[in-house]
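Participant: Sequence and predicted model, in that order:
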Amino acid sequence: MPSYDPEKLIQGIKEDNIHGADWLSNAAVGVLITAGLRESATDVDVLHERLWDIGIRLAATRPSMAPLANKIGYLFSELDKVSSLKEYRVKVSAVGTTIINGSKTNKQKVAEHLKGVSGDAESVFTYSYSGTVADVIRLVGYDYVVITESRPMMEGKKLAKELGAEGFKVVLMVDGAAGMYVKAADICLIGADSVQYNGSVINKVGSKLLAYAARDQDVPYYVICDTSKFNVLNYLGQSIELEAKTPDEVSEPLENVDIKNPYFEVVPPELITGVVTEMGLMAPLDIRQQMESMRKYVEPLYRATST
């Protein structure tokens, strides 16, 4: 059996610069499942406290990605009902597995709703690497996919390679050419690392430029995600933190040059045609109402991280 090192697992999620929020939030839940099985404890209270500490630290690793806090918060809300140590360990695994499996079901629902709102669209323009977008492209079966590289780590190129190998017709280009080619697709699709209560979306930097290009050329711009991406922590009052990564991903040190490497930005609601979730097309009011229903299991994390 591989050695259990929670510090290494947490650090791995913090440093991952390839996967999207859905994958990373499920990975965080997986860390808690492993911890629930592997952490030594004399009773439920001790184990719960250790897992709670790990959960808080996991949620803090990726502040731009709302589903980590949402899924972790939901997991712990279910554990309050467990009394015996053995039952607690089983419950962590069972609830965590249900959360992870729910991602697949939700993607299928998102794909169905997207088909309903996007009509007879046959081609899509996307950006970066969203596991939700990739799976929805597969589920809907779009004929033609346009993707930009998504520098500096080239996540878009990774997606292009995957879809091309699966038989999709794919066009790949540099990020700066997005405005030239956006009209080549019927719709634009991006994922979301977080959806804010006002309908704005946090996603990989460059998403806003694509949104402006889409608006300029009358191409619908949809955000697709499940409701685990709704930023309940921000709804409760936590400030938005946009992650940045190390400058060496962009360039070697240059004399008198301050190298920036922002990873996320906010796309305002006026640039977004619609947010499509497993519950269907949702307006800002729908988003706020859903956040209100989710607050009960996110509030404990909010209180823990705000003190």
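Facilitator: Now that the structure is in, tell me what you want to look at.
Participant: Next, the buried residues of the strand or helix carrying Arg89.
Facilitator: According to DSSP states H and E, Arg89 maps onto helix 85-118. Using 16 or more other C-beta atoms under 10 Å as the burial criterion, the residues of helix 85-118 that qualify are 85, 88-89, 91-92, 95-96, 99-100, 102-103, 106-107, 109-111, 113-115, 118. C-beta coordinates here come from the backbone N, C-alpha and C atoms, glycine included.
Participant: Over to stretch 182-197?
Facilitator: 182, 185-197.
Participant: mind putting the residues you listed in TSV, pLDDT, distance to Gln217 and secondary structure included?
Facilitator: Formatted as TSV, the buried residues of stretch 182-197 follow (pLDDT from 0 to 100; distance: C-beta to C-beta, whole Å; DSSP: H, G, I helix; E, B strand; the rest coil):
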residue	pLDDT	distance to Gln217	secondary structure
Val182	96	6	helix
Ala185	97	10	coil
Asp186	98	12	coil
Ile187	98	12	strand
Cys188	98	10	strand
Leu189	98	15	strand
Ile190	97	16	strand
Gly191	96	21	coil
Ala192	96	22	coil
Asp193	95	25	coil
Ser194	97	27	strand
Val195	97	24	strand
Gln196	97	26	coil
Tyr197	95	29	coil
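Participant: contacting residues around the closest residue to Val92 other than its chain neighbours?
Facilitator: Leaving aside its sequence neighbours, Val92 sits nearest to Gly36 (C-beta to C-beta, 6 or more residues apart in numbering; 3.2 Å). Shown in contact with Gly36 (C-beta atoms under 8 Å, 6 or more residues apart in numbering): Leu47, Leu51, Tyr88, Arg89, Val92, Ser93, Gly96.
Participant: Can you give me the end-to-end span of stretch 229-239?
Facilitator: Stretch 229-239 has its terminal residues 16 Å apart, counting by C-alpha to C-alpha, to the nearest Å.
Participant: in it, what's buried?
Facilitator: Neighbour counts over stretch 229-239 (16+ other C-beta under 10 Å) mark Lys229, Phe230, Asn231, Val232, Leu233, Asn234, Tyr235, Leu236, Gln238 as buried.
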